[in-house]
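Asker: Provide a 3D model corresponding to the input given below.
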Amino acid sequence: MKIISGGVCAALGFQAGSIRCGIKDSRTNDDAAIILSDCECTAAATYTLNRVKAAPLYVTMEHLENGVARGIVANAGNANACAPDGMENARRMAKAAASVVGVDEKDLVVASTGVIGQRLNIECIEANLGGITLSGDGSEQANLAIMTTDTKTKTAAVEFTIGGKTCRIGGICKGSGMIHPNMGTMLSFVTTDCAITHEMLLDALQENVKKTYNRVTVDGDTSTNDMCVVLANGKAGNPLIEWQDEDYQVFCKALSEVNTRLARQIAADGEGATKLVTCTVKQSRTEEAAERLAKAIVGSNLVKAAMFGADANWGRVLCAMGYSKAPFRPEYVTVAFESAAGSVTVCEKGAALDFDEELAKKVLSENEVVILVDVNEGSESATAWGCDLTYDYVKINGDYRT
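Answerer: A predicted model of the protein is given here:
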């Protein structure tokens with residue numbers, strides 16, 4: 001597998017672009033994007049587990065019932081969730097995009113992100129979307145257009161071989177706040193030129209999301225709008241993947257690489273964050289238990305605050321483990337903090353160790369910090385990603401709507 005550039009345009013046959021429609025008066029940059037394949041794709045998607053779902057998700061579910069699509073239309077600045085005329089406007093958005101790119105409106109995924117509870121200005125989308133330009137190097141443009149409180153674009157792509165044919169998977173995503181396991185305010189769009197059936201694509205995506213996006217938390221809030229969509233147009237010419245065979249495993253590994261990279265970028269760009277916090281729990285009884293423990297640790301506001309202050313307060317780690325409802329024996333636990341500045345073990349067999357506070361401060365002051373927890377009870381492990389909790393998180397969210 002090889003890391004490449006290109007995002008959603010890395011795979012053969014895909015174009016992307018963006019335009020400013022004026023959905024939100026205060027937004028000066030582009031706010032609508034289209035990603036399009038030049039032929040029909042097999043398609044699969046996963047959606048938020050929040051009981052309150054935005055209209056675009058329901059429209060997308062309808063459009064993907066047949067397992068095929070041609071592209072994606074997305075907007076920022078308004079979530080079209082709990083909003084007047086939500087379903088009608090989501091359908092009008094699909095129709096407007098379909099008219100622009102010359103496909104059936106039911107062949108388009110619809111996605112929105114932004115403020116909840118306000119009517120989407122569909123009229124400005126209908127009036128301006130026709131000016132969009134799609135190109136084979138438009139991935140970055142599309143990425144910028146779907147950002148809300150994100151401070152940077154998030155992209156990944158890989159190249160791999162199946163049946164002697166070179167295949168590519170690439171993706172872009174947005175997400176900074178309202179992010180919690182079971183996804184959050186994140187939109188992830190992934191494209192591939194690999195030939196794979198809808199059934200195999202859906203299986204691969206559903207299994208992979210559990211171990212990538214669903215292991216990210218920024219603030220404990222699961223959004224109304226999150227969605228991960230994969231489009232596969234088969235233009236690589238590889239033998240069709242229709243069974244969970246060796247080729248399927250190669251595809252899954254490539255998909256995991258892209259989604260893991262995107263998930264980490266979401267966590268690192270959490271609202272107000274200054275550092276990516278990775279937690280790996282190892283030697284657990286089960287992978288599920290390790291996952292629960294890791295999620296609880298990166299999701300703890302007290303742990304997150306300690307990471308911001310570069311305070312080696314390992315007691316907060318054990319506290320979070322204790323309420324995770326995962327089985328473990330506190331008296332077996334070892335905790336260490338690691339980063340580019342080194343490593344320091346702060347707890348062994350559930351008890352304090354004498355450690356170098358100055359070294360610990362240096363370790364925790366890096367841009368990425370790893371919390372390594374060994375529960376010493378089994379052979380399973382899991383990793384989750386989060387970020388620190390800073391003053392700026394409250395500043396960003398105190399007046400987000402206004």
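Asker: What degree of burial does the closest residue to Met321 other than its chain neighbours show, as a neighbour count?
Answerer: Take Met321 and drop its neighbours on the chain: the residue closest to it by C-beta to C-beta, 6 or more residues apart in numbering is Leu293, 5.2 Å away. In this view, the C-beta of every residue, glycine as well, is placed from N, C-alpha and C. A count of nearby residues for Leu293, using other C-beta atoms under 10 Å, gives 26.
Asker: so Leu293 is in which element?
Answerer: Per DSSP states H and E, Leu293 falls inside helix 287-299.
Asker: With Thr60 instead?
Answerer: Secondary structure here is read from DSSP H and E; on that basis Thr60 sits in helix 55-63.
Asker: Give me the next element, helix or strand, following that helix.
Answerer: strand 68-78.
Asker: now that next one: mean pLDDT?
Answerer: In this model, strand 68-78 has a mean pLDDT of 97.
Asker: next one: stretch 287-298
Answerer: The predicted model assigns stretch 287-298 a mean pLDDT of 96.
Asker: Tell me the buried residues in that stretch?
Answerer: Neighbour counts over stretch 287-298 (16 or more other C-beta atoms under 10 Å) mark Glu287, Ala289, Ala290, Glu291, Arg292, Leu293, Ala294, Lys295, Ala296, Ile297, Val298 as buried.
Asker: I'd like to know how far the closest residue to the fourth one other than its chain neighbours sits from Val303.
Answerer: Nearest residue to Glu291, sequence neighbours excluded (C-beta to C-beta, 6+ apart): Ala382, at 4.0 Å. With the distance defined as C-beta to C-beta, to the nearest Å, Ala382 ends up 16 Å from Val303.
Asker: Pro327 falls within a strand, correct?
Answerer: No: in this structure, Pro327 is coil, not part of a strand, as judged by DSSP: H, G, I helix; E, B strand; the rest coil.
Asker: Got phi/psi on it?
Answerer: Note on Pro327: its backbone torsions stand at phi -70, psi 130 [degrees, to the nearest 10].
Asker: right, and it touches Ala289 too?
Answerer: Yes: distance between Pro327 and Ala289: 5.6 Å, which falls inside the contact criterion (C-beta atoms under 8 Å).
Asker: list the contacts for Val375?
Answerer: When the contact criterion is C-beta atoms under 8 Å, 6 or more residues apart in numbering, the partners of Val375 are Val281, Lys282, Gln283, Ser284, Arg285, Ala290, Leu293, Phe328, Arg329, Tyr332, Val333.
Asker: gap between Asp31 and Gly138?
Answerer: When C-beta to C-beta is the yardstick, Asp31 and Gly138 sit 15 Å from each other.
Asker: So for those two, which sits in the more crowded spot?
Answerer: Each of Asp31 and Gly138 had its neighbours counted (other C-beta under 10 Å), and the higher figure belongs to Asp31 (29 against 24).
Asker: Ramachandran coordinates for the more buried one?
Answerer: When read as degrees, to the nearest 10, the backbone of Asp31 gives phi -130, psi 10.
Asker: wait, it sits on Ile23?
Answerer: Yes: counting by C-beta under 8 Å, Asp31 touches Ile23, with 4.8 Å between them.
Asker: what is in contact with the two at once?
Answerer: Both Asp31 and Ile23 are contacted by Asn75, Ala76, Gly77, under the criterion C-beta under 8 Å, 6+ apart.
Asker: surely the residue nearest to Met321 meets Cys319?
Answerer: No: here Leu293 does not reach Cys319: they are 11.9 Å apart, not a contact under C-beta under 8 Å.
Asker: count of neighbours near the residue lying closest to Ala341 once chain neighbours are set aside?
Answerer: Distances taken as C-beta to C-beta, 6+ apart place Lys362 nearest to Ala341, at 4.4 Å, with adjacent residues excluded. Lys362 is surrounded by 16 other residues when neighbours are defined as other C-beta under 10 Å.
Asker: again with Gly136
Answerer: By the measure other C-beta under 10 Å, the count of residues near Gly136 is 13.
Asker: wait, what's in contact with it?
Answerer: Residues in contact with Gly136, defined by C-beta under 8 Å, 6+ apart, are Cys9, Phe14, Gln15.
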